[in-house]
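Participant: The following comprises the amino acid sequence and a computationally predicted model.
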There are 2 protein chains.
Amino acid sequence: MATMHDVARLARVSVSTVSYVLTGTRPISDATRARVLEAMAELDYQPNAMARGLATRRSRIVGLLMPMSERGFGATETAFVTGAAAAASDAGYHLVLSPIGAGDLDDLRRLASQRMVDGVALMEVQIEDGRVGVLQETGVPLVLIGRTSDTTGLSYVDIDFDQTVREAVDHLVGLGHRRIVYVNHSAATIAAGYGPALRTRDSFVAAMTGYGLEPLMIPAEDSAAGGRAALAQAMTQAPDLTAVLAMNENAIFGILAELAVRRRAVPGDVSVVSMVTSPAVAELAYPALTAMTSPGSALGRIAVEALLRQLDGTGAHHQQLLPCALEVRGSTCPAARPDNELTGTGLPGG
Amino acid sequence: MATMHDVARLARVSVSTVSYVLTGTRPISDATRARVLEAMAELDYQPNAMARGLATRRSRIVGLLMPMSERGFGATETAFVTGAAAAASDAGYHLVLSPIGAGDLDDLRRLASQRMVDGVALMEVQIEDGRVGVLQETGVPLVLIGRTSDTTGLSYVDIDFDQTVREAVDHLVGLGHRRIVYVNHSAATIAAGYGPALRTRDSFVAAMTGYGLEPLMIPAEDSAAGGRAALAQAMTQAPDLTAVLAMNENAIFGILAELAVRRRAVPGDVSVVSMVTSPAVAELAYPALTAMTSPGSALGRIAVEALLRQLDGTGAHHQQLLPCALEVRGSTCPAARPDNELTGTGLPGG
DNA sequence: CTGAAAGCGCTAACAA
DNA sequence: TTGTTAGCGCTTTCAG
């Protein structure tokens, strides 16, 4: 491991000169620059990241706080991570993954105080999230992927749930659907203040009442079994439903399965729209799912880019909402008939 | 940000004493230790990671090299990452994610030479992988998740594909299946030297010929469409097939869809086993898939733990193979009849 | 059992 | 345009 001293000696210049050709913070004659670069190449020189970090008080590392929740890691979350990693890498930064959840506030304080990370991106932000306060205290630059209830003075990128839900509802209503049921995350998740669950719920109510329709909603555990149970419950509450809007990536296949069991054809009898879903997942179903495609990796990338801009002072707070894009595939079609097709009457299990 | 000097001053001891109570590398009287700890608490002291790293020449960061391939990130890969992150975190290490693929050898050399990481875990290892050589040159401790062809002197953890395939074939043959088709990754992926594709192929041939059966194999693009095409091709080559063994997580739903279109019931007409699959994915299908469950997060964890043992010298090379576990769900059942059910004859599209 | 001081490899005044 | 040097905050000899 050659050091800067070695380079300086070989190039017959002082260490500071070597440093300056590296950082470009002061003019260097072409001749000496050439000599230095040559020496660096000759010695296979790479600056030591720790030493540079200590001197500059900047690690060129950003943290991605990624709680490993019961909800697990869906395609959307994975896309955040890869998008964030790519953006950091492109800017010459490193991305450290920390599995720090809302519970580990002490771990978080430690991470922030060790000055190992120049800034932090928070995933899975709760409506009230203790991590935000801790991070603000320690003064670490911060960007949220998601939103707390009060976002003044905070940077965030998030999905525009309101517009996303509205587009989804518009799509279904435009196809003539009136009895639309919304399958959300679990009651526990909602109670825990999981933003997407809360916001989509409110947006759904607003969109449906805007159309003069009743906003039917069912929570579902994050599993296929949860989806099946939810759909069964929905069929009981609203046997005449013709469309389901599913927020829950993990439950969606259970919903489809239960529909299949009940011999309700998709999309013939029931149209299905999957919310905040990656194309990969949507394509897994047959027919492929009409879905609101989440801007997953874009969110990760934008978050990190905003964070880096905050770091070099070339940007202040950045607040941005990106809607999911409606991608019509095979799981939606015009509603059959307004009000008199109670085909599945009294067939509770199939 | 209090420094060690601040703590020393407040506790009326020297900096070295503070350092020693932190590292525990030399005896300290209880009295002074108490004073020091008190001062640290008072000042909210946290050691500076960069400074410590510079002095010890250890960053307490390990890198996870995670190429973002065309193949994308399945549940199994995601589980590696979370398992690795958890293991690192448990040991007081940080995990940096680097999206460095087999192509970016220069980036890799840079990362390794900057001494920002104490060690590296490599994901998505190819049979011949240039990254291994580069890392060995730079002397960075290394563990592979996957294997190259020559593993002498290397640490790795990998799936025991041989045993996994054998168990899957045993399961199907035990159910009376004789015409079993193996759906692999794409031809391009195989040509690129993707280990799992190569190894399972070889193991499948061995297992089938061991039973005196013909090893039917079809490649599939990593998508639902690829799965559909592959199954269609398989039905042409072997109209009498009664079971499919699918290596390709991304193609599996396409395979199921094509079977549905062709009115071949699962498992009634065709049994399906999904290889190297997470329970979450297996449960998405209806019926839920009999699958060889990949030990995803265990692999990530074991890899990092082995790496850390190499770092403190408490462990040499570690080579370990973990088989996937057979989990019988609803997609397999005894074969219908030996040799005369050509139901789907001449129904190319449905 | 404790202190003083020399680095770790780099950056950035300060001086020329 | 270049060199000298004082740190950055910690670990770890070397002395006591």
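Facilitator: That came through, no problem. Everything quoted here is computed from the prediction, not taken from an experiment.
Participant: Quick check: nearest residue in space to residue A:297, chain neighbours excluded?
Facilitator: residue A:83 (3.1 Å; Cβ to Cβ, 6 or more residues apart in numbering or on different chains). C-betas here are computed from N, CA, C, even on glycine.
Participant: Run a quick neighbour tally on the one you found.
Facilitator: Residue A:83: 23 surrounding residues under other Cβ atoms under 10 Å in any protein chain shown.
Participant: cool, residue A:43 as well?
Facilitator: So residue A:43, with other Cβ under 10 Å, has 16 neighbours.
Participant: Please look at it and residue A:5 and confirm they touch.
Facilitator: No. Residue A:43 is beyond contact range of residue A:5, at 10.6 Å (criterion: Cβ atoms under 8 Å).
Participant: Now residue A:295, what are its backbone angles?
Facilitator: Residue A:295 adopts backbone torsions of phi -80, psi 50, taken as degrees, to the nearest 10.
Participant: Which strands or helices does the helix or strand of chain A with the lowest mean pLDDT pack on?
Facilitator: Within chain A, no helix or strand scores below helix A:279-284, which has a mean of 82 by mean pLDDT, DSSP states H and E. Contacts defined by 3 or more Cβ pairs under 8 Å, 6 or more residues apart in numbering or on different chains; DSSP states H and E place helix A:279-284 against strand A:290-293, helix B:224-237.
Participant: For the next helix or strand after the last one, give the mean pLDDT please.
Facilitator: Using DSSP states H and E, the helix or strand that directly follows helix B:224-237 along the chain is strand B:243-246. For strand B:243-246, mean pLDDT rounds to 97.
Participant: So what touches strand B:243-246?
Facilitator: B:165, B:168-169, B:172, B:175, B:177, B:179-183, B:204, B:227, B:231, B:234, B:252, B:255, B:270-275, B:332, B:335 (Cβ atoms under 8 Å, 6 or more residues apart in numbering or on different chains).
Participant: Packed most tightly, which of the helices and strands packed on helix A:279-284 would that be?
Facilitator: strand A:290-293 (a mean of 26; mean count of other Cβ atoms under 10 Å in any protein chain shown).
Participant: before we move on, the earlier item: show me which of the contacts of strand B:243-246 neighbour chain A.
Facilitator: Applying Cβ under 8 Å from any Cβ of the partner chain to these, one finds that nothing falls near chain A.
Participant: Among those, which are located in helices?
Facilitator: Members of the contacts of strand B:243-246 lying in helices (criterion: DSSP state H): B:165, B:168, B:169, B:172, B:204, B:227, B:231, B:234, B:252, B:255.
Participant: how many neighbours does residue A:245 have?
Facilitator: Count around residue A:245 with other Cβ under 10 Å applied: 27.
Participant: Residue A:268 too?
Facilitator: By other Cβ under 10 Å, neighbour count at residue A:268 equals 9.
Participant: Any of the contacts of strand B:243-246 buried? List them.
Facilitator: B:165, B:168-169, B:172, B:175, B:177, B:179-183, B:204, B:227, B:231, B:234, B:252, B:255, B:270-275, B:332, B:335 (16 or more other Cβ atoms under 10 Å in any protein chain shown).
Participant: and DNA strand C, which of those residues contact it?
Facilitator: Residues of the buried ones among the contacts of strand B:243-246 in contact with DNA strand C (Cβ under 7 Å from any atom of the strand): none.
Participant: quick one, strands of chain A?
Facilitator: Assigned by DSSP state E, the strands in chain A fall at A:61-65, A:94-98, A:119-122, A:142-145, A:156-159, A:180-184, A:216-219, A:243-246, A:271-277, A:290-293, A:319-322, A:325-327.
Participant: List of residues touching the shortest one?
Facilitator: In this structure, residues lying in contact with strand A:325-327 by Cβ under 8 Å, 6+ apart are A:167, A:168, A:171, A:279, A:282, A:290, A:291, A:292, A:293, A:295.
Participant: Could I get the buried residue list for that strand?
Facilitator: residue A:326.
Participant: who does that strand pair up with?
Facilitator: strand A:290-293 (antiparallel) (DSSP bridges).
Participant: Is residue A:117 in contact with residue A:63, as I believe?
Facilitator: Yes. Under the criterion of Cβ under 8 Å, residue A:117 makes contact with residue A:63 at 4.0 Å.
Participant: Identify the spatial nearest neighbour of the closest residue to DNA strand D within the stretch 101-250 of chain A, chain neighbours not counted.
Facilitator: The nearest approach of the stretch 101-250 of chain A to DNA strand D comes at residue A:115, 7.8 Å away (Cβ to the nearest atom of the strand). Excluding its sequence neighbours, the residue lying closest to residue A:115 (Cβ to Cβ, 6+ apart) is residue B:48, at 5.5 Å.
Participant: Tell me who's in contact with that neighbour.
Facilitator: With Cβ under 8 Å, 6+ apart, residue B:48 has these contacts: A:54, A:114, A:115, B:1, B:3.
Participant: Buried among those? Need that as a selection in PyMOL.
Facilitator: In PyMOL syntax, the buried subset of the contacts of residue B:48 is picked out as below (16+ other Cβ under 10 Å):
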select buried, chain A and resi 54+114+115
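Participant: Can I get the contacts of residue B:48 in TSV including pLDDT and distance to DNA strand C?
Facilitator: Formatted as TSV, the contacts of residue B:48 follow (pLDDT from 0 to 100; distance: Cβ to the nearest atom of the strand, whole Å):
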residue	pLDDT	distance to DNA strand C
A:54	96	4
A:114	94	16
A:115	94	14
B:1	84	17
B:3	96	12
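Participant: Relative to residue A:220, which of the contacts of residue B:48 is nearest.
Facilitator: residue A:114 (40.3 Å; Cβ to Cβ).
Participant: And the residue in the stretch 201-350 of chain A that DNA strand C sits nearest to, how close does it get to residue A:88?
Facilitator: Residue of the stretch 201-350 of chain A nearest DNA strand C, by Cβ to the nearest atom of the strand: residue A:312 (12.1 Å). If you measure residue A:312 against residue A:88 using Cβ to Cβ, to the nearest Å, the figure is 14 Å.
Participant: more crowded one of those two?
Facilitator: residue A:88 (28 against 10).
Participant: Can you give me every residue that contacts the more buried one?
Facilitator: A:62, A:94, A:95, A:304, A:308.
Participant: Double-check the last one against residue A:91; I have them as touching.
Facilitator: What that stands for is residue A:308. Yes. Using Cβ under 8 Å, residue A:308 makes contact with residue A:91 at a distance of 5.3 Å.
Participant: Retrieve the pLDDT associated with the closest residue to residue A:153 other than its chain neighbours.
Facilitator: Nearest residue to residue A:153, sequence neighbours excluded (Cβ to Cβ, 6+ apart): residue A:317, at 6.6 Å. Residue A:317 is assigned 92 on the pLDDT scale.
Participant: what's the neighbour count on residue A:137?
Facilitator: Residue A:137 - counted by other Cβ under 10 Å - has 11 other residues nearby.
Participant: List, one by one, the residues from the stretch 151-300 of chain A near chain B.
Facilitator: A:223-225, A:250, A:253-254, A:256-257, A:260-261, A:280, A:283-286, A:288.
Participant: Please repeat the previous calculation with a cut-off of 7 Å.
Facilitator: With Cβ under 7 Å from any Cβ of the partner chain as the criterion, the stretch 151-300 of chain A meets chain B at residues A:223, A:224, A:253, A:257, A:260, A:280, A:283, A:284, A:285, A:286.
Participant: For the last one, give me its contacts.
Facilitator: The contact partners of residue A:286, taken as Cβ atoms under 7 Å, 6 or more residues apart in numbering or on different chains, are B:253, B:257, B:260.
Participant: on that earlier part again, got JSON lines for the residues of the stretch 151-300 of chain A next to chain B, with distance to residue A:137 too?
Facilitator: Listed next are those as JSON lines, based on distance: Cβ to Cβ, whole Å:
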{"residue": "A:223", "distance to residue A:137": "37"}
{"residue": "A:224", "distance to residue A:137": "42"}
{"residue": "A:253", "distance to residue A:137": "43"}
{"residue": "A:257", "distance to residue A:137": "47"}
{"residue": "A:260", "distance to residue A:137": "52"}
{"residue": "A:280", "distance to residue A:137": "39"}
{"residue": "A:283", "distance to residue A:137": "45"}
{"residue": "A:284", "distance to residue A:137": "43"}
{"residue": "A:285", "distance to residue A:137": "46"}
{"residue": "A:286", "distance to residue A:137": "51"}
